[in-house]
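[1] How does the following fold in three dimensions:
(chains A, B and C)
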Amino acid sequence: MSDFFSAFSWVNLRFLMSGLGVTVEVAVVSVILSFIIGSVLGVIRYVKIPYFSQIVGFIIDLIRNLPLLLIIFFTYFALPKVGIHFGVVTSTIFALTIFESAMLAEIIRSGIMAVPKGQLEGALSNGLNFKQALWHIILPQAYKKMIPPIVSQFVSLIKDTSLATIIMLPEVTYRAQIVYAQEPGAIISMFFALAVIYFILNFIISKIGDILDRRMAA
Amino acid sequence: MKSRFQVVVKSMLAASAFALFTGVAATSNVHAADNAKNETYNRIMKTDRMNWGVKGDTKLMGLMNIKTGKLEGFDVEMAKEITKRVNPDAKVVYTQITSGTRVPMLINGNIDAIIATMSVTPDRQKVVDFSQPYFNAGQSILVKKSSKYHNVKELNTPKARVLAVQGSTSIDEIKDFAPKAKVVGLQDYATALTALKAGQGDALTTDNGILYGMAAGSKSLEVRGGTFTKEPYGVAMQKQNPKLVKAVNKAINEIKTDGTYEKMAKKWFGDVKGMDWKELAGE
Amino acid sequence: MISLFQSHAGEFLTGFGWTILSSILALIGSIILGTAFALMEVVPNKVANIIGRIYIEIVRNIPLLVITMFFYVVIANVIKISGFAAGTFGLTLYTSAFIAETVRAGINAVPKGQLEGAMSNGLSWWQGMRYVVLPQAFKLVIPPLGNQFINLIKNSSVLAFVAGLDLMYQANQISQATFDTFGPFIIVGIFYLILTMPLSYYMRYLENRLEKKGGRA
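    Sure, this is the predicted structure:
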């Protein structure tokens, strides 16, 4: 038991916390990028531009159906082959963004579909053009409806950053492994710390999502 | 029924499109490296940066220090000393790699050179170039002190489970020396070490240079049975870079003759019980 | 690519087999466990409700990798389990939280009057659940359950971290033996798509059909 508490030394905690910094950095950038790209892709899929939307939809399906771990490997090893040299942080952000954009595109598309057709027709008959109707009428409603799945996708994204330990991203899970490899007595404490860290992080996000959801619904 | 048929067709289309897409990407790059003579060397000279792939989970050789968050170890210092002699103006950059990721990263140009407990082997020489050896390691086994296994021969039974790290030479060698044992390949040494302690294997096999570092950090583990292979470590570089290989070889010679090597070896290996650093470091 | 597959066909197919086996075992396990926790959340007992909620909230918010590693390096100190077993247990536990959420949503979607009606006809709460509510709930949640299964197959790649012999693990092994960082991953990518693509299109087809039915009713 003394091992359990002594493992939470200042040194170990600081080491973990700087890993948490990496986790959060990677997650925040990927969340923003994938939200933007996912929205664009979702709209493209919805508006049905001949051929183009189908091809985009098909690529989204491909990405959605592959393990993220595989995509992380690809971006890390494949991009340099075409002359793009990313560091491990950028590489992880790239992989997460590709994967999560595809997941979000699907969520956003179904959000748009759930907005009653009459709304679009009404907006168009009131003199708005299609772009305006999409931007001012359809999308705001779609986002409102889709807050819960979008938030849970972001929670997934935070958890998924841990997979980048496979390419040595020095995030919090990787750092916990380094600690318990050097201090065998710290192993249970480190898992406990990981559980608490991820739980708090994701719980906060879920709660923010709930508040947003309630406020939007009101 | 039509839609189920569509499901199947669409899926097959998906799989083949994926193969085509990625296949094209793969083949289009084969030629890129051919005519790039001394590309790495020129890059190091021009950018005044030398990016080294080093280990982050290997005590004594390349380990991330929990206190400082920085990498440290014999390999890490060696990288610094070599860089100083290749291009005195160059900034040393470290990228953490594992046994599994280091070769692709070098070939892809993510890093300029590898100094990460990497043995010189004929198979690897087909894809990368090596410097002269800078460290004479050999494969051995690490077990719990309570273990009934004393050497690699005893591990040659279907009951034995031997832990190794994917992408290391030891994972191939152990299959020759203990063909009957079950080999468990893990991603990195931190996981392999924890797995040994958790009883996921009866022994962990790799070079003694790495094993001594693990044994030094844990009272319940020990290196047993001596070495059963010779694993000289070299610096790995991309092919088509003769200038860099020459410069690195020259640097290693200087480090060995001017006393730097001895100082580093004493610093990292001098206190390790059961390890004769002179034997490991010598020619 | 074809020659790479031919020379390592055994390994790829072994990996394919272990991936399928792990996914199916974890699916069965997590449906049982997930339904149990969903029931804990709806049973008229405050303590059970809270335990169910806590389990789901904790497991949902922790990365699968952390859970799997916990089994592999901590639980293994107590009970001997292989990497494959550790990975499959991790998958089961992790997925069960999501399935619990899905099944609970299904139970809640069945009109309350049905259970009340069953109980006023002399059935106990459990019997009403078992014979009236659950069968309808499961029918409603087939598409989301299918999507969970797709996630599960993709997530089974976490076995690669614990030497679980699955597709990703084999791809790593082959890639390191051949120094080819493209081919093996493309080939296992195709294997994953063979499993996930048909399921995913079939689930979309089911969803559309359910929606149309719902629209007519």
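
[2] Any residue of stretch A:10-21 touching chain B?
    Yes: contact of stretch A:10-21 with chain B is found when judged by CB under 8 Å from any CB of the partner chain, involving A:11-12, A:15, A:18. Every residue, glycine included, has its C-beta placed from N, CA and C.

[3] C-terminal to the one helix or strand in chain B whose mean pLDDT sits lowest, what's the next element?
    One helix or strand of chain B scores below all others by mean pLDDT, DSSP states H and E: helix B:2-27, with a mean of 51. Note on helix B:2-27: by DSSP states H and E, the next helix or strand toward the C-terminus is helix B:39-47.

[4] how about the residues of chain C near chain A?
    C:57-58, C:60-66, C:69-70, C:73-74, C:150, C:154-158, C:160-161, C:168, C:181-182, C:185, C:188-189, C:192-193, C:196-197, C:200-201.

[5] For C:L140, give me its contacts.
    By CB atoms under 8 Å, 6 or more residues apart in numbering or on different chains, the contact set of C:L140 is C:106, C:109-110, C:210.

[6] So of those, which two are at opposite extremes in space?
    C:V110 and C:L210 (14.6 Å; CB to CB).

[7] Let me see the backbone angles for the residue most central in space within chain A.
    Residue closest to the average C-alpha location in chain A (CA atoms, centre = their mean): A:L157, at 3.5 Å. Dihedral angles phi and psi of A:L157 (degrees, to the nearest 10) take the values phi -60, psi -40.

[8] For it, which non-adjacent residue is spatially closest?
    Distance criterion CB to CB, 6 or more residues apart in numbering or on different chains; nearest residue to A:L157, sequence neighbours excluded, is A:E100 at 5.2 Å.

[9] Packing partners of the helix or strand hosting that neighbour?
    Applying DSSP H and E as the criterion places A:E100 in helix A:88-114. Helix A:88-114 sits against helix A:10-47, helix A:52-64, helix A:68-78, helix A:139-160, with contacts defined as 3 or more CB pairs under 8 Å, 6 or more residues apart in numbering or on different chains; DSSP states H and E.

[10] tell me how far that helix is from the chain's mean position?
    Helix A:88-114 has its C-alpha centroid displaced from the chain centroid by 7 Å (CA atoms, centre = their mean, to the nearest Å).

[11] pLDDT on it, on average?
    Averaged across helix A:88-114, pLDDT comes to 93.

[12] mind exporting whichever helix or strand comes after that helix as CSV, just the C-alpha atoms?
    Downstream of helix A:88-114, the first helix or strand assigned by DSSP H and E is helix A:117-125. The C-alpha coordinates for helix A:117-125 follow below in CSV (Å, rounded to 0.1, in the frame of the first residue of the first chain):
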residue,chain,number,x,y,z
LYS,A,117,-37.4,18.8,-45.6
GLY,A,118,-40.1,21.5,-45.3
GLN,A,119,-37.6,23.8,-43.6
LEU,A,120,-35.3,23.9,-46.7
GLU,A,121,-38.2,24.4,-49.0
GLY,A,122,-39.6,27.2,-46.8
ALA,A,123,-36.3,29.0,-46.7
LEU,A,124,-35.9,28.7,-50.4
SER,A,125,-39.4,30.0,-51.1
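
[13] higher neighbour count, C:V110 and C:L210?
    C:V110 (18 against 14; other CB atoms under 10 Å in any protein chain shown).

[14] Report the contact partners of that one.
    C:133, C:136-137, C:140.

[15] quick one: contacts for B:A164?
    Neighbour list for B:A164: B:170-171, B:174, B:183-186, B:192, B:204-206 [criterion: CB under 8 Å, 6+ apart].

[16] and the gap between it and B:F177?
    Separation of B:A164 from B:F177 (CB to CB, to the nearest Å): 12 Å.

[17] Next: B:T95.
    32 Å.

[18] try C:V47
    57 Å.

[19] These two: who's more crowded?
    Per other CB under 10 Å, whichever of C:V47 and B:F177 has more neighbours is B:F177, with 19 against 9.

[20] That one against B:G225, yeah?
    No: B:F177 is beyond contact range of B:G225, at 10.6 Å (criterion: CB atoms under 8 Å).

[21] Now the common contact residues for the two.
    B:V152.

[22] and the residues of stretch A:10-21 next to chain B, which are buried?
    With neighbours counted by 16 or more other CB atoms under 10 Å in any protein chain shown, the residues of stretch A:10-21 next to chain B contain buried members at A:12, A:15.

[23] mind putting the residues of stretch A:10-21 next to chain B in TSV, distance to chain C included?
    Output for the residues of stretch A:10-21 next to chain B, formatted as TSV (distance: CB to the nearest CB, whole Å):
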residue	distance to chain C
A:V11	22
A:N12	17
A:F15	17
A:S18	18
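
[24] check contacts around the residue nearest to A:L157.
    A:30-31, A:34, A:38, A:153, A:156-157, A:160.

[25] now do B:K197
    By CB under 8 Å, 6+ apart, the residues touching B:K197 are A:184, B:144, B:218, B:220-221, C:73, C:77.

[26] how does it look with 7 Å?
    Residues counted as contacts of B:K197 (CB atoms under 7 Å, 6 or more residues apart in numbering or on different chains) are A:P184.

[27] Is stretch B:125-145 positioned near chain C?
    Yes: Stretch B:125-145 reaches chain C (CB under 7 Å from any CB of the partner chain) through B:V127.

[28] Regarding that stretch, how distant is the last residue from the first?
    This stretch, stretch B:125-145, spans 37 Å end to end (CA to CA, to the nearest Å).

[29] how far does it sit from the chain's center?
    Centroid separation between stretch B:125-145 and its chain, computed with CA atoms, centre = their mean, is 8 Å.

[30] what do you get for stretch B:72-89?
    Worked out by CA atoms, centre = their mean, stretch B:72-89 lies 17 Å from the chain centre.

[31] and what of stretch C:59-67?
    Offset of stretch C:59-67 from its chain centre (CA atoms, centre = their mean): 13 Å.

[32] does chain B sit close to it?
    No: judged by CB under 7 Å from any CB, stretch C:59-67 makes no contact with chain B; its nearest approach is 11.0 Å.

[33] contacts for that stretch?
    Contacts of stretch C:59-67 (CB under 7 Å, 6+ apart): A:155, A:159, A:162-163, A:173, A:191, A:194-195, A:198-199, A:202-203, C:90, C:93-94, C:97-98, C:155, C:158, C:161.

[34] Output the below-cut-off pLDDT ranges for the chain.
    You didn't say which chain, so I picked chain A. Along chain A, the parts satisfying pLDDT under 70 run over A:1-2, A:218.

[35] not what I meant, chain C
    In chain C (pLDDT under 70), the answer is C:213-217.
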